[in-house]
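[1] quick one, fold the following:
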Amino acid sequence: MRIPVILRALFILLFCWRLAVLEIVIDYPISLAYGEMSRFSTILWLKPAFCFYEQWLGQAVDKTVVNRTTATIQIQVLREGDNTTYKLPVLYPVPKCDPLFIVPLIITDTKYQLGPIIDCLNDSCEVQVLPNKKYKVCFMLYNASRTLLASTNWSEPLQTRGVSQDLDLLQLTLFRSGGMVVITVLLSIAMAILVISLTVAVAMANK
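    Numbering: from 1, shown residues only. Presented below is the predicted three-dimensional model:
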């Protein structure tokens, strides 16, 4: 009579353990790191998953199955017109979470680079990111045992630029950089004139 009771207890424990590590789908906004300046013909720069881990903590049944230092985030990708799921070749650490500013004004954490190559989920192939193509992205949270704990919904389509648009962006960047150099030089000259004028004024006042 004891064997069925033991088996029942083991079944309940196994069921509770599976609930503890059940994947949670989190409604999380995925976007480009710097807006239009993050789009290139074969690369998209994604904003890190700020506070994604903390949102999982707020919904998790068992918070002991993972900790911040050993957790990793995988980025999965869907291409326009292709039902195959791909992934970025890099696993990212959990970024910092500021309770006041979920997304910091200045992003110092490593941005997620989609492209120029993405991998098949089973690492059996590599696929090139193409110009003028739309990609959807989702984030996956894993613990050290590679157990999936949480995922996001798929993002809105993020489109790469055309090759000619890359050249336009480069020209705009160079133009802005050149403008900043000119402004810096003019400010330096103005500061030098101001210092010289103050020095002469002080010298004349002491005569």
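[2] residue boundaries of the strands in this structure?
    Under the criterion DSSP state E, the chain carries strands at the ranges 24-26, 44-46, 72-79, 85-87, 92-93, 112-114, 117-120, 126-128, 134-142, 148-152, 158-159.
[3] can you list these in TSV and add mean neighbour count and mean pLDDT?
    (C-beta placed from N, C-alpha, C; glycine too.) Written out in TSV, the entries for the strands of the chain read as follows (neighbours: other C-beta atoms under 10 Å; pLDDT from 0 to 100):
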stretch	mean neighbour count	mean pLDDT
strand 24-26	15	94
strand 44-46	21	97
strand 72-79	20	97
strand 85-87	18	97
strand 92-93	17	96
strand 112-114	21	96
strand 117-120	16	97
strand 126-128	12	96
strand 134-142	19	97
strand 148-152	20	96
strand 158-159	16	96
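[4] who wins for proximity to Phe52 among the ones you listed?
    Distances from Phe52 to each of those were compared using C-beta to C-beta; the minimum, 5.9 Å, belongs to strand 134-142.
[5] ok, back up a step: reformat the strands of the chain as CSV; add distance to Met204.
    Below are those laid out as CSV (distance: least, C-beta to C-beta, whole Å):
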stretch, distance to Met204
strand 24-26, 70
strand 44-46, 56
strand 72-79, 66
strand 85-87, 72
strand 92-93, 62
strand 112-114, 60
strand 117-120, 68
strand 126-128, 70
strand 134-142, 67
strand 148-152, 69
strand 158-159, 64
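[6] can you tell which of those strands is closest to Val66?
    Put simply, out of these the one that sits nearest Val66 is strand 148-152, at 6.0 Å, with distance taken as C-beta to C-beta.
[7] list the contacts of stretch 59-76.
    19-22, 24, 26, 46, 49, 52-53, 57, 85-88, 91-94, 112, 114, 121, 137-144, 147, 149-150 (C-beta atoms under 8 Å, 6 or more residues apart in numbering).
[8] now it: buried residues?
    Neighbour counts over stretch 59-76 (16 or more other C-beta atoms under 10 Å) mark 60, 65-66, 71-76 as buried.
[9] mind giving me the domain split of the protein?
    When the chain is parsed with automatic domain parsing, its domains come out as 22-161, 163-207.
[10] low pLDDT regions in the chain?
    Judged against pLDDT under 70, the low-scoring parts of the chain cover residues 1-22, 101-106, 108, 165-203, 205-207.
[11] quick one, helices of it?
    2-20, 52-59, 163-205 (DSSP state H).
[12] give me the angle between the shortest one and strand 134-142.
    I take that to be helix 52-59. Following axes from the mean of the first three to the mean of the last three C-alpha atoms, to 10 degrees, one obtains 60 degrees for the angle between helix 52-59 and strand 134-142.
[13] ok, so of the buried residues of stretch 59-76, who is nearest Met37?
    For the buried residues of stretch 59-76, the minimum distance to Met37 (C-beta to C-beta) is 19.6 Å, reached by Ile75.
[14] can you report how many residues lie near Asp82?
    12 (other C-beta atoms under 10 Å).
[15] oh sorry, the question was meant for Ile107
    Using other C-beta under 10 Å, Ile107 has 15 other residues around it.
[16] that one contacts Leu32, doesn't it?
    No: when contacts are counted by C-beta atoms under 8 Å, Ile107 is not listed as touching Leu32 (11.0 Å).
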